[in-house]
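# heads up, no residue letters with this:
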């Protein structure tokens, strides 16, 4: 139990004295960067999915038998 209390005390001390937390403006700016990057990556993945889907449909249509 002593190790646990020492760990919790040291963790709290580190979070309150050693960590530098961002101010409100920095937090907003970082959030906008993350949101922008998320939107861009989502769009790229969506375009890649659309292209792969169309390509596979075309390839499958070449081997489709008309029975």
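Alright, I've got the coordinates. Source: prediction; values computed, not measured. Numbers count the residues shown, from 1 in each chain.
# Can you tell me the centre-most residue of the protein?
In the chain, the C-alpha nearest the mean C-alpha coordinate belongs to residue 38, at 6.8 Å (C-alpha atoms, centre = their mean).
# Residue 27 versus that one, what's the distance?
When distance is defined by C-beta to C-beta, to the nearest Å, residue 38 is 16 Å away from residue 27. (C-beta placed from N, C-alpha, C; glycine too.)
# Show me what whichever strand or helix holds residue 28 is packed up against.
Element membership for residue 28, per DSSP states H and E: helix 24-62. Using 3 or more C-beta pairs under 8 Å, 6 or more residues apart in numbering; DSSP states H and E as the contact criterion, no helix or strand is in contact with helix 24-62.
# so for it, what's the average pLDDT?
Summarised as a single mean, pLDDT over helix 24-62 is 97.
# mind listing what's buried in that helix?
For helix 24-62, the neighbour count (16 or more other C-beta atoms under 10 Å) marks no residue as buried.
# from the chain's centre, how far out does that helix sit?
Distance, stretch centre to chain centre, for helix 24-62: 11 Å (C-alpha atoms, centre = their mean, to the nearest Å).
# Please apply the same query to stretch 15-28.
A distance of 21 Å separates the centroid of the chain from that of stretch 15-28, by C-alpha atoms, centre = their mean.
# Show residues contacting it.
residue 30 (C-beta atoms under 8 Å, 6 or more residues apart in numbering).
# Residue 25 and residue 32, how far apart?
11 Å.
# again with residue 9
Taking C-beta to C-beta, one finds residue 9 at 36 Å from residue 32.
# Ok, residue 55 next?
Distance, residue 55 to residue 32, by C-beta to C-beta: 35 Å.
# Also residue 22?
From residue 22 to residue 32 the distance is 13 Å (C-beta to C-beta).
# for residue 11, same thing?
30 Å.
# swap in residue 45?
Shown here: residue 45 relative to residue 32, a distance of 20 Å by C-beta to C-beta.
# likewise residue 24?
From residue 24 over to residue 32 (counting by C-beta to C-beta), the distance is 13 Å.
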